[in-house]
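Visitor: Let me see the structure of the following:
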Amino acid sequence: GLLLVAGEPGIGKSALLAEQARRAVTTGVRVLRGVGWEGAGAPPYWLWTQVLRDLDPAATSVFEHATARGDAAEGRFRLFETVRTALAAAAPLL
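Guide: Next comes the predicted model:
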């Protein structure tokens, strides 16, 4: 499964996730992190690039390969499927 945490600034999202990450690590679950960028200039899929880099530093090349050929919709599909496969293979993760 996938859980996305969203909400207004200051309501405790970061504190909630930090506590869950601390608990996960103590039980042997690997924790991957990605932080969204609200300003202009972030590359496409920046959050997922960070998550994959935590998983495997070489895995970020998946974005270049998945979107380099074919039309945009097909590239996005290949990209999302590659990310899903990588995360599922490394489970359990937080």
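Visitor: Look up how far residue 30 lies from the spatially closest residue to residue 83 that is not a sequence neighbour.
Guide: Closest residue to residue 83 apart from its sequence neighbours, by C-beta to C-beta, 6 or more residues apart in numbering: residue 48 at 5.9 Å. Every residue, glycine included, has its C-beta placed from N, CA and C. According to C-beta to C-beta, to the nearest Å, residue 48 stands 16 Å off from residue 30.
Visitor: The two: which has the busier surroundings?
Guide: Neighbour count, other C-beta atoms under 10 Å: between residue 48 and residue 30, residue 48 has more, with 17 against 13.
Visitor: so the more buried one touches residue 33, yeah?
Guide: No: if you go by C-beta atoms under 8 Å, residue 48 and residue 33 don't touch, sitting 11.5 Å apart.
Visitor: Pull the distance from stretch 47-62 to the chain's centre.
Guide: 8 Å (C-alpha atoms, centre = their mean, to the nearest Å).
Visitor: Show the average pLDDT along that stretch.
Guide: Taken as a whole, stretch 47-62 carries a mean pLDDT of 79.
Visitor: that older thread, helix, strand, or coil at the residue nearest to residue 83?
Guide: Three-state call for residue 48 (DSSP: H, G, I helix; E, B strand; the rest coil): helix.
Visitor: from now on call the first residue 58
Guide: OK, 58 is where the count begins now, so the last one is residue 105.
Visitor: Phi and psi next, for residue 87.
Guide: Here is the backbone geometry of residue 87 (degrees, to the nearest 10): phi -80, psi 140.
Visitor: As PDB, could you dump the C-alpha coordinates of the one helix or strand residue 142 maps to?
Guide: Taking DSSP states H and E as the definition, one finds residue 142 inside helix 129-146. What follows is helix 129-146 as a C-alpha-only set of coordinates in PDB (Å, rounded to 0.1, in the frame of the first residue of the first chain):
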ATOM      1  CA  ALA A 129       4.700  11.000 -23.100                       C
ATOM      2  CA  ALA A 130       1.800   8.800 -21.900                       C
ATOM      3  CA  GLU A 131       3.700   5.600 -22.600                       C
ATOM      4  CA  GLY A 132       6.800   7.000 -20.900                       C
ATOM      5  CA  ARG A 133       4.900   7.900 -17.800                       C
ATOM      6  CA  PHE A 134       3.300   4.400 -17.700                       C
ATOM      7  CA  ARG A 135       6.800   2.800 -18.000                       C
ATOM      8  CA  LEU A 136       8.100   5.100 -15.300                       C
ATOM      9  CA  PHE A 137       5.400   4.400 -12.800                       C
ATOM     10  CA  GLU A 138       5.600   0.700 -13.400                       C
ATOM     11  CA  THR A 139       9.300   0.700 -12.900                       C
ATOM     12  CA  VAL A 140       9.000   2.600  -9.600                       C
ATOM     13  CA  ARG A 141       6.200   0.300  -8.400                       C
ATOM     14  CA  THR A 142       8.300  -2.800  -9.200                       C
ATOM     15  CA  ALA A 143      11.400  -1.300  -7.500                       C
ATOM     16  CA  LEU A 144       9.500  -0.400  -4.300                       C
ATOM     17  CA  ALA A 145       7.600  -3.800  -4.200                       C
ATOM     18  CA  ALA A 146      10.900  -5.700  -4.600                       C
END
